[in-house]
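Peer 1: heads up, no residue letters with this:
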């Protein structure tokens, strides 16, 4: 089988290991394409894709748009701040109006968890979730897995630590689902207040000591503190967080092995990770960004291939 | 109907050698010529031709693999698995010999011509195929060099086996 088992990419939870492998393998081919002198292929020349961003984004949006353009799709962009959403239009009305203009695929980011799934049941287009609240961010998890696989080979049995604001992170949840489906061991690390109460029921280990976590893992995925989603205080001060959970060069160099450092961006330099670490040779942060385009091309190519 | 063997071992070798000399007749020492095999099955023929030419000309011949999945016009109609593209040279102003095992509707070659342009603007493009199933083209494409021309009907398939992957060199005509 060389097709996805789903019509939409709503979250990693809904797809199989075979789907993940298929997307990552196809992304390898697209990575070769985007490193050619001419980076464009005509696969989606007959499709129109709408990027609906109800929440701010630079990296993901740019990455999706580049992926669409390199697949030769027609692209329309939409951001909530400059739209009729402000005038009180509902999500379904907004999307149906856009689809009435003959759009085949919708890439959506929304601040409410489940927005993409809701939409997939109501409208007649392929939906790609580009982040829904603190729920899932599937393409980020896929590009993270792709970047890890590039460095480590098969992820089965590999030890991956996700460190930081687990509670508000859709990247963390998608990564946990994705890595577990690929057979990796996952540990989350952060202050108790930023770790969801029932996260262990997903089969991940929980650790509150940063050094112990780093000594254990092959890869450390450092997450940003999402202050915009924190309506109450979860820790006394940023400075204290940095003292306990910030990764600096001294700590990194004192570890018994060379681990890989990842970050989904945007980085708050000097908070969860110092500049020295972010720019070190152990960091693959910019590889992640490059791979993002290839992975998103693969996702849209494979979804478009489904009738 | 029983599968019919069209070419095998020694015969196939003679055909390949003939194709090589035909190429040399036109391209002399291959100083400005490169070979590009189309994935998935054309690459074996391309590399075989490359080796034979290298043996005859005693020099290195450039040969790349080109995957055309992303350029196909039917990718939504059937399941397609992309393969590796491996072209580590630029084809700008080069003479390119596109190589595939079987020429049938010509659609693969059409996609191949598109895909190839991502690597530069060639001076001249020629097509070499092992088997030409004539009278079945959907697009106006013809091969300049052919190993064997056959008449076949739609319900038949031409299967090309290579030592490298299938354990033997053999071209057979089978019913689907």
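Peer 2: It's in. The structure presented is a predicted model; accordingly, all values stated were derived computationally and were not measured.

Peer 1: wouldn't residue A:30 be in contact with residue A:294 here?
Peer 2: Yes: the pair formed by residue A:30 and residue A:294 meets the contact definition of Cβ atoms under 8 Å, at 4.2 Å. C-beta coordinates here come from the backbone N, C-alpha and C atoms, glycine included.

Peer 1: what about residue B:5, which SS state?
Peer 2: When the structure is reduced to helix, strand and coil (DSSP: H, G, I helix; E, B strand; the rest coil), residue B:5 reads as strand.

Peer 1: Check what pLDDT the residue nearest to it when sequence neighbours are not counted gets.
Peer 2: Nearest in space to residue B:5, with sequence neighbours left out and distances taken as Cβ to Cβ, 6 or more residues apart in numbering or on different chains, is residue B:172 at 5.3 Å. Note on residue B:172: pLDDT of 90.

Peer 1: again with residue A:73
Peer 2: Looking at residue A:73, its pLDDT stands at 95.

Peer 1: burial measure for it, as a count.
Peer 2: 23 (other Cβ atoms under 10 Å in any protein chain shown).

Peer 1: which residue does chain B bring closest to chain A?
Peer 2: Shortest chain B-to-chain A distance, computed as Cβ to the nearest Cβ: residue-wise this is residue B:70, at 3.7 Å.

Peer 1: does that residue sit in a helix, a strand or a coil?
Peer 2: Per three-state DSSP, the local secondary structure of residue B:70 is helix.

Peer 1: Chain B against chain A: which residues are in contact?
Peer 2: When proximity is defined by Cβ under 8 Å from any Cβ of the partner chain, chain B lies next to chain A at B:67, B:69-71, B:75-76, B:79-85, B:90, B:114-115, B:117-120.

Peer 1: In ChimeraX, how would I select the buried members of these?
Peer 2: For anyone working in ChimeraX, the buried entries among the residues of chain B next to chain A, judged by 16 or more other Cβ atoms under 10 Å in any protein chain shown, can be selected with:
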select /B:67,69,70,71,75,80,82,83,85,114,115,118,119,120
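
Peer 1: show me the biggest helix of the chain in terms of residues.
Peer 2: Just going to use chain A. The residue-count maximum for a helix in chain A (DSSP state H) belongs to helix A:285-304.

Peer 1: not what I meant, chain B
Peer 2: helix B:9-27.

Peer 1: Would you quantify the distance from the closest residue to chain B within the stretch 1-150 of chain A to residue B:115?
Peer 2: Shortest the stretch 1-150 of chain A-to-chain B distance, computed as Cβ to the nearest Cβ: residue-wise this is residue A:41, at 3.7 Å. Relative to residue B:115, residue A:41 is positioned 8 Å away (criterion: Cβ to Cβ, to the nearest Å).

Peer 1: which residues are in contact with both of those two?
Peer 2: With contacts taken as Cβ atoms under 8 Å, 6 or more residues apart in numbering or on different chains, residue A:41 and residue B:115 have B:70, B:71 as neighbours in common.

Peer 1: Residue B:100 should be in a strand, yeah?
Peer 2: Yes: with three-state DSSP as the criterion, residue B:100 is part of a strand.

Peer 1: Could you pull up the residues touching the closest residue to it other than its chain neighbours?
Peer 2: Closest residue to residue B:100 in three dimensions, ignoring its sequence neighbours and counting by Cβ to Cβ, 6+ apart: residue B:42, at 3.7 Å. For residue B:42, the residues meeting the contact criterion (Cβ under 8 Å, 6+ apart) are B:99, B:100, B:101.

Peer 1: all helices of chain B, in order?
Peer 2: B:9-27, B:42-57, B:107-116, B:163-166.

Peer 1: what's the neighbour count on residue 164?
Peer 2: As the question left the chain open, I've gone with chain A. Other residues within reach of residue A:164, judged by other Cβ under 10 Å, total 31.

Peer 1: hm, I was asking about chain B
Peer 2: Neighbours of residue B:164 using other Cβ under 10 Å come to 11.

Peer 1: so what's it scoring on pLDDT?
Peer 2: 88.

Peer 1: now do residue A:226
Peer 2: Among the per-residue scores, residue A:226 holds a pLDDT of 84.

Peer 1: close enough to count as contact, it and residue A:169?
Peer 2: Yes: A contact is recorded between residue A:226 and residue A:169 when judged using Cβ under 8 Å, the distance being 6.7 Å.

Peer 1: And for chain A, the residue most distant from the center?
Peer 2: Here chain A reaches farthest from its C-alpha mean at residue A:87, the gap being 30.3 Å by Cα atoms, centre = their mean.

Peer 1: From residue A:64, how far off is it?
Peer 2: In this structure, residue A:87 lies at 26 Å from residue A:64, with Cβ to Cβ as the measure.
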